[in-house]
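Visitor: Show me how the following folds:
(one chain, ligands or ions: 1)
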Amino acid sequence: MSATARRILLADADAFYVAIARLIDPEGAGKSPLLIVGGSRESRGVVCSASYETRKFGVRSAMPTAQALKLCPQAMCVPVPRGACSRKSAEIRRVLQRFTPVVEGASIDEWYLDMGGTEQLYEHEPLERTAHRMRDAVRAETQLSVSIGGGTNKLVAKMAVEVAKPKPDNNATGVHIVAPGDEATFLKRFLLAEIPMVGPKFVVRLERAGLRTVNDVLEHQLPELIRWFGDREGQWLYDRVRGIDSGVVEGHGEQKSMSREETFSTDVADDTTLERELFALVARVASDLRTELLSARTIRVKIKDADFKIRQAGRTLTEAVVSDRVIYGVARELLHELRKRRRTPARLIGVALSGLATNPEPPQLALFADATASLETERDRAVARTVDSVRRKFGQDAIGAAQLSKHEDEQ
Ligand SMILES: [Mg+2]
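Guide: Predicted coordinates for the structure are as follows:
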């Protein structure tokens, strides 16, 4: 079996946002219990990430900041260090890509690696040994630590990384590899809620059927599960609890989407302010896109209204783009469409890029100098590259405001 077994790893950065905030400010953030806060620091903000010391007080991610500070008043609040996070994320990815070319970014701090075909290269060293070398290289070169889970598929790798993570109350080594053939046994220790994609609603339906743990499901045959949950979900559940997953690690260009969003401290009713926020988000997501050497064809804008209704609008362009100018141009039109349909103060705004591809081909039409709003020229791309290099030198916010006023002048 092991001759043909797949070799999949998941590298997951340990307390990513907290670790980066501490790298940036070793004297302040490095020495305090820490909350990384999204949106605003005021009462409407939420905790994106909480350091171990704050978790002892019951603080958790996604908790409102105000509630977290009640539980742990001595915590220091720091906004997400966005620029540093995307730079560090790209650095980690580059180290991982030296070990295998097939690296899929699952989020800003998680990467699946397909190690298939590297057996000769590493002289058949055990996967565990390779994972430890990878971990050492990431730490030496980025000052950040990753934990690595591994096995014959993505599901097992994802579950294994949770076991691998060193915590104050365990003696995990940072690497956990499940041997081929041991998947089903390994899965038996988990609750169903711990399986990826089993969300809170599914948990409720499972509990109604008396199912809480992986072992609970193993007592039932496939036809029974199908009767309860339908063909698709029944089969899915049957496979998952046995550690079966045929999903492939998608190479670099096949990352699904990139997005940025902002929750306001107070709801925003006025279009100019919304445009300004949208512009700042576009600048960030477009910079993420270029850092990853990707381009995007589809642009989507999302608004959450004050009454929590979520609305989206999107457009797919004929060519892949990378520049702030073109992406913002389309995003602003989408924002206007959404605002025309419903004029309610907005609580959140977001922008997402998808239809991602690597190494954008210079579009033929852009050779014609007079560019229309949704057509990207070589000049747009050159401007974008300059913006990136200035930001790398002077920080993420170095150009934002200046570009915004330039943009307004052009209208
Ligand atoms: Mg992580």
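Visitor: Give the residue spans of this structure that score low on pLDDT.
Guide: 1-4, 39-44, 252-255, 358-374, 392-411 (pLDDT under 70).
Visitor: Could you rerun that using 50?
Guide: Counting by pLDDT under 50, the chain shows low-confidence ranges at 1-3, 41, 253, 359-373, 401-411.
Visitor: Nearest residue to the middle of it?
Guide: Against the mean C-alpha coordinate of the chain, by Cα atoms, centre = their mean, the closest residue is Ser107 at 2.5 Å.
Visitor: Please tell me how far that one sits from Lys309.
Guide: Separation of Ser107 from Lys309 (Cβ to Cβ, to the nearest Å): 26 Å. Placement of C-beta: from N, CA and C, glycine included.
Visitor: Next: Arg87.
Guide: 35 Å.
Visitor: List the buried residues in stretch 314-321.
Guide: Leu317, Glu319, Ala320, Val321 (16 or more other Cβ atoms under 10 Å).
Visitor: count of neighbours near the closest residue in space to Ala160 that isn't next to it in sequence?
Guide: Of all residues not flanking Ala160 in the chain, Gly149 sits nearest, at 3.0 Å (Cβ to Cβ, 6 or more residues apart in numbering). The number of residues packed near Gly149 is 26, by other Cβ atoms under 10 Å.
Visitor: What are the buried residues along the longest helix anywhere in the chain?
Guide: Determined from DSSP state H, the single longest helix within the chain is helix 271-291. The neighbour-count check on helix 271-291 (16+ other Cβ under 10 Å) flags 274-291 as buried.
Visitor: residues of the helix or strand harbouring Phe264 that come out buried?
Guide: Using DSSP states H and E, Phe264 maps to strand 257-268. By neighbour count on 16+ other Cβ under 10 Å, the buried set for strand 257-268 is Met258, Arg260, Glu261, Glu262, Thr263, Phe264, Val268.
Visitor: Among those, which one lies nearest to the ion?
Guide: Met258 (17.3 Å; Cβ to the ion).
Visitor: In contact with the closest one, which residues?
Guide: Contact partners of Met258, counting by Cβ atoms under 8 Å, 6 or more residues apart in numbering, are Val285, Asp288, Leu289, Glu292, Leu294, Ala296, Ala352, Leu353, Ser354, Leu356.
Visitor: what about Leu317, distance to Tyr112?
Guide: For Leu317, the distance to Tyr112 - Cβ to Cβ - is 28 Å.
Visitor: ok, now Val161?
Guide: Distance from Val161 to Tyr112, counting by Cβ to Cβ: 10 Å.
Visitor: Bridged to the residue nearest to the centre of the chain, which residues?
Guide: Ser107 has these beta-bridge partners by DSSP bridges: Glu110.
Visitor: Can I get the strand holding Phe264 as CSV, trimmed to CA atoms?
Guide: What follows is strand 257-268, C-alpha atoms only, in CSV (Å, rounded to 0.1, in the frame of the first residue of the first chain):
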residue,chain,number,x,y,z
SER,A,257,-9.9,33.5,-4.0
MET,A,258,-8.4,36.3,-2.0
SER,A,259,-10.4,38.8,-0.1
ARG,A,260,-10.3,41.7,2.4
GLU,A,261,-13.1,43.2,4.4
GLU,A,262,-13.6,45.8,7.1
THR,A,263,-16.3,46.0,9.8
PHE,A,264,-17.0,49.6,10.7
SER,A,265,-16.9,51.0,14.3
THR,A,266,-20.2,52.8,13.4
ASP,A,267,-22.5,52.0,10.5
VAL,A,268,-21.7,54.1,7.4
